[in-house]
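>>> Got a predicted structure plus its sequence, pasted below:
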Amino acid sequence: MSTGTNANTGTSTSTCATSSIHPIVALGAGCYWGTEKYVKIDFQKRFPNSIKSTKVGFMSPEISAVENPSYRAVCSGTTGHVEVLNVELNDPDKHFEELMKFFYMFHDPTTADRQGNDVGTQYASVVFTNGDAQKEVATKVRSELQDLVDAKKIGRYANDKVVTRIFEANPFYEAHEEHQEYLMKNPNGYCNHYYRFKEWPSLN
């Protein structure tokens, strides 16, 4: 199975006129089928009409990475790309921080390059940000999460050290159409994501 030939970018040439935070972010949280399901369906149940669009595909932390990699090549771990969900928010000022918190609820950010039985660099826990405002919020939420883990407020991760990486977004390569909304089309399809917690704890 291979990806489509459409090469998009994780960034946008337009900016959101009413927002100080860029609307597009790419999230790596293991197999992108589950990431898409949890964000596109579950997050929107919490915050209706928060998501403008989503696409699953691939992004690399390295700007010099091979262009338009195939699904098979990414799965081999030789390209350096991560399986990601490219998310565009309708109101990033209102929902970006909430999305960052939700991101940590359904995957394990303490296992480097692994989610459950899925092992490899393509399954890394990564946030690909666009702009300083996104990076600042993503970094703050990650730091808060580590504080919560240290305080034993969250105890369902495999380890005690949050290893999620934050990079500036690079070109995004859209996966083949049959991989888009895969779990919506195949409700019994493979998904190893599950909730570690459902509400963001307070440190107090």
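Perfect, thanks for sending it. Numbering: from 1, shown residues only.

>>> tell me what the helix ranked longest in the chain is packed against?
Longest helix in the chain, counting residues (DSSP state H): helix 132-150. Applying 3 or more C-beta pairs under 8 Å, 6 or more residues apart in numbering; DSSP states H and E, one finds that helix 132-150 makes contact with helix 92-103, strand 125-129, strand 165-168. For glycine as for every other residue, the C-beta is placed from the backbone atoms N, C-alpha and C.

>>> Pick the most buried one from those.
strand 125-129 (a mean of 25; mean count of other C-beta atoms under 10 Å).

>>> what's the average pLDDT for the longest helix of the chain?
On average, the pLDDT along helix 132-150 is 98.

>>> Kindly report the same for stretch 55-67.
Mean predicted lDDT for stretch 55-67 stands at 95.

>>> Would you mark the buried spots in it?
Neighbour counts using 16 or more other C-beta atoms under 10 Å place 55-61, 65 of stretch 55-67 among the buried residues.

>>> Let me know the angle separating the longest helix of the chain from strand 125-129.
Angle, helix 132-150 to strand 125-129, by axes from the mean of the first three to the mean of the last three C-alpha atoms, to 10 degrees: 150 degrees.

>>> center of this protein - which residue?
L27 (1.6 Å; C-alpha atoms, centre = their mean).
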